[in-house]
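Student: what follows is a protein structure lacking sequence information:
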């Protein structure tokens, strides 16, 4: 397996390349416009890989995604969970909870983990050249190292029509406890953000990865006694809203043009 984590330190944001050296194929997850679509294309080429898909864990609110540009540049599908239908205005390839993607010897299973946003999805990855056992999970903004994603960064129809903030918080708690924490303890956790990001709370660790076993035992948000306490804890420990998040989210939904994002789109 070829696995690379890209970190954009100004926003404490991580994107990922996952590839199979045998098949010479790879996918990109949560690409950032701050790094640029060309970065991922050139990196994949340097590693001897052809990009065969672009995946988003969810529609982001704190940074401009280049997923659409990258998928068009390379001519490959852009994948989002099917619940994004009617929320984003551009074409994408929908998938269902539990759907499996094969990239050579790499198996990527989609696990729908709503709460932070309705379409939030984690990707469970196994290197079948070594074992059928899952190796790591990309958790997006559902589960961070030491914390969880905030449920209050929706705009437009997502904020008005999908579910209220309390329901999103309860749903997120259930997604983590019933789906992610049900994974084997050895599975490594790689989120889309780490300490310094405003997509979580004050308890986010600057460490860029963890394990399911460690987060099950020590994640402060998930140690709250019930869903109501979880929601209060997340709200009380949240950081200030990301700069210009409403416009960034609107662009990533396809509701406004890049020119309308305005100053401050890249903190």
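Tutor: Yes, it's here. Because the structure is predicted, anything quoted here is derived from the model rather than measured.
Student: any idea which element residue 166 lies in?
Tutor: helix 165-175 (DSSP states H and E).
Student: which strands and helices sit next to that helix?
Tutor: In terms of contacts (3 or more C-beta pairs under 8 Å, 6 or more residues apart in numbering; DSSP states H and E), helix 165-175 is packed against helix 227-236. (Glycine included, C-beta is placed from N, CA and C.)
Student: and whichever helix or strand comes after the helix it packs on, how far out from the chain's middle?
Tutor: Using DSSP H and E, the helix or strand that follows helix 227-236 in sequence is helix 245-253. Its chain's C-alpha centre and that of helix 245-253 lie 16 Å apart, by C-alpha atoms, centre = their mean, to the nearest Å.
Student: which helices and strands does helix 245-253 pack with?
Tutor: Using 3+ C-beta pairs under 8 Å, 6+ apart, no helix or strand is in contact with helix 245-253.
Student: show me the helices in the stretch 1-150 of the chain, by range?
Tutor: Ranges of helices within the stretch 1-150 of the chain are 37-46, 67-74, based on DSSP state H, counting those that start in this stretch.
Student: show me where pLDDT drops low in the stretch 151-267 of the chain?
Tutor: Low-confidence segments of the stretch 151-267 of the chain (pLDDT under 70): 153-165, 263-267.
Student: rerun at 50
Tutor: 157-161, 263-267 (pLDDT under 50).
Student: which of the helices of the stretch 1-150 of the chain is buried the deepest?
Tutor: helix 67-74 (a mean of 20; mean count of other C-beta atoms under 10 Å).
Student: residues in contact with the very next helix or strand once past the helix holding residue 166?
Tutor: Scanning forward in sequence from helix 165-175 by DSSP H and E, the next helix or strand is strand 188-191. Contacts to strand 188-191, defined as C-beta atoms under 8 Å, 6 or more residues apart in numbering, come from residues 5, 14, 16, 135-145, 208-212, 215.
Student: turn the helices of the stretch 1-150 of the chain into TSV, including mean pLDDT.
Tutor: Output for these, formatted as TSV (pLDDT from 0 to 100):
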stretch	mean pLDDT
helix 37-46	97
helix 67-74	97
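Student: what's the closest of the ones you listed to residue 126?
Tutor: helix 37-46 (20.7 Å; C-beta to C-beta).
Student: now the closest one against helix 67-74, angle please.
Tutor: Relative orientation of helix 37-46 versus helix 67-74 (axes from the mean of the first three to the mean of the last three C-alpha atoms, to 10 degrees): 50 degrees.
Student: tell me which stretches of the protein form strands.
Tutor: Assigned by DSSP state E, the strands in the chain fall at 2-8, 13-20, 25-29, 50-55, 78-81, 93-95, 100-103, 106-112, 121-127, 136-140, 188-191, 210-211.
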